[in-house]
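> coordinates for the following, if possible.
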Amino acid sequence: MDKIALTAGALYAIVLLRAGGTFAIGWLAAAGARRSRFAGRTSSAKFQRAERAIQRWGAPVVAVSFLTVGFQTAANFIAGSMRMPLTRYLPALFVGGAAWSLIYATAGIGVLQVLGRLFAERTALGVAAVAVLLLAVCGAVVYRRRKAPPA
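Predicted structure coming up:
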């Protein structure tokens, strides 16, 4: 349990800095983001979907975004660029960041323990498991890139 608490605490600090930094960058770039070389990124489907959700639902979208992959950064940046008040953003950051850190700490430690045991007891099987995992991640990236509409 001490490993989980320590890992969750470290991940919580990391997510607060990362997401808070993304929000701050969005806040500072609010006026120029849509007129700069980043205009293409802020007009992408992901950013527009995040912006519509934040305009409609506000802080709960930011909190729930921590349970997603890829949407989290867009939601925090857009919340900053839309100048969401800190009194609404910070509670969402604290709650969402806590959920994210606990999920990643428990699942992450579990996966690392299983892989460590696999490498210690059956090295070839451990290497094969990591290779399959890497191939799956690469396959998912290639699939998403091919599926995406051309820019």
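
> name the helices or strands packed onto the helix or strand in which A92 is found?
Following DSSP states H and E, one finds A92 within helix 86-121. Under the contact definition 3 or more C-beta pairs under 8 Å, 6 or more residues apart in numbering; DSSP states H and E, helix 86-121 sits against helix 2-28, helix 59-65, helix 71-81, helix 123-147. Bear in mind the C-beta positions are built from the backbone N, C-alpha and C, glycine included.

> I'd like the ones you listed as JSON lines, with mean pLDDT appended.
Rendered in JSON lines, the data for the helices and strands packed on helix 86-121 read as follows (pLDDT from 0 to 100):
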{"stretch": "helix 2-28", "mean pLDDT": "91"}
{"stretch": "helix 59-65", "mean pLDDT": "87"}
{"stretch": "helix 71-81", "mean pLDDT": "87"}
{"stretch": "helix 123-147", "mean pLDDT": "88"}
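
> out of those helices, flag the one nearest R117.
helix 123-147 (8.6 Å; C-beta to C-beta).

> for I4, give its distance to A13.
When C-beta to C-beta, to the nearest Å is the yardstick, I4 and A13 sit 15 Å from each other.

> can you check G96 too?
Remark: distance between G96 and A13 (C-beta to C-beta) = 14 Å.

> and for A5?
13 Å.

> cool, T106 as well?
Computed as C-beta to C-beta, the T106 to A13 distance reads 17 Å.

> and if you look at R145?
Distance, R145 to A13, using C-beta to C-beta: 33 Å.
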